[in-house]
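S.K.: Here is a sequence together with a model predicted from it:
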Amino acid sequence: MTESLLANPSHFTRSIAETTEYRHSRQREQDEAGSLRRAVALGSRALVDNHTTEHGYVSPEGCVYRLIATIDDFVTAQQELDRLQQDGAERRHKLPHLRKAVAFNHAAKELIDSQPDVGFNELTAFTTKMYLGMHRDDTELHDDQRYHQRALYVRDAVKQSLHGMRSELAVEQIIWAAGDPAIEYEETTVEDELRGVDLFVNYHGQRVGIDVKASQAAAHMAKLKSSHPERIIWSQVDWEDFAGGFRISDELAQQKAPALLAELRTAAQAA
């Protein structure tokens, strides 16, 4: 069995630390904690470029570096979104932070597409360890209790985000497994997702943006607040259906297809 690319986080930290971008950033900055975080992001982005061909193909290792470059922004964004949610802030105030959260999800999806066998807990643990490594100079995290609290917060934020993303992947997988020529889907951009669209569905030429929820309860609550509740759907897939990964079995996808396609047809017809 081939060892996962994520099994050796030190490989990535060593490579990042050897980049010119990392070294220059560390030398310029006076703020020790901040310089490390920024240097890791800059070094990671440089390594993505090194692992991208002239035709735009990014290697599996390059996909990991791209994910690393988004981790710190993702956690900071989640913290701000939590604060804004408690304050009852309007969506326009949340958009800059949502953009960073979506960028993390897109990077994670690219990584998963490049390494289909990666495990959910494996990717969650890798991301959490990388974040904590970037923050090793933060004085507040030298306190064991605060370190533990931050580690749990990051892990849970990553888990929630990745589960939402894999629920969207499951919907795509179910549509594909159904084999209904009348229904097709299109993947979305970051801008689409900021408008609340997780994928576009075409049904007999009618195109509609769909908002996918990871649970039936979440879909129900969102429908109550929406002016277009028919566009909000539950993925039909539960946590345990993923069996620790990011995809469901082809057999399960076919079983879930009738209920999902019925919701998608309703959404398209109401558009």
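M.R.: Okay, I see it.
S.K.: can you count the residues close to Ile183?
M.R.: The number of residues packed near Ile183 is 18, by other Cβ atoms under 10 Å. In short, each C-beta sits where N, CA and C put it, glycine included.
S.K.: Could you tell me the backbone phi and psi angles at it?
M.R.: Phi and psi for Ile183, reported as degrees, to the nearest 10, are phi -120, psi 120.
S.K.: Other residues contacting the lengthiest strand in the chain?
M.R.: In the chain, with assignment by DSSP state E, the single longest strand is strand 206-213. Strand 206-213 has contacts (Cβ atoms under 8 Å, 6 or more residues apart in numbering) with 164, 167-168, 171, 186, 188, 192, 195-201, 219, 222, 226, 231-235, 264, 267-269, 271.
S.K.: Quick one: mean pLDDT over that strand.
M.R.: Across strand 206-213, the average pLDDT comes to 95.
S.K.: Paired strands for that strand, with orientation please.
M.R.: Sheet pairing for strand 206-213, assigned by DSSP bridges, gives strand 199-203 (antiparallel), strand 232-234 (parallel).
S.K.: so Ser114 sits right up against Pro60, yeah?
M.R.: Yes - with contact defined as Cβ atoms under 8 Å, Ser114 and Pro60 form a contacting pair (4.2 Å).
S.K.: neighbour count winner among these two?
M.R.: Using other Cβ under 10 Å, the more surrounded residue of Ser114 and Pro60 is Ser114, with 18 against 15.
S.K.: contacting residues around that one?
M.R.: Ser114 sits in contact with 58-60, 63, where contact means Cβ under 8 Å, 6+ apart.
S.K.: Next, give me the two most distant ones among those residues.
M.R.: With distances taken as Cβ to Cβ, the most widely separated pair in the contacts of Ser114 is Val58 and Pro60, at 8.2 Å.
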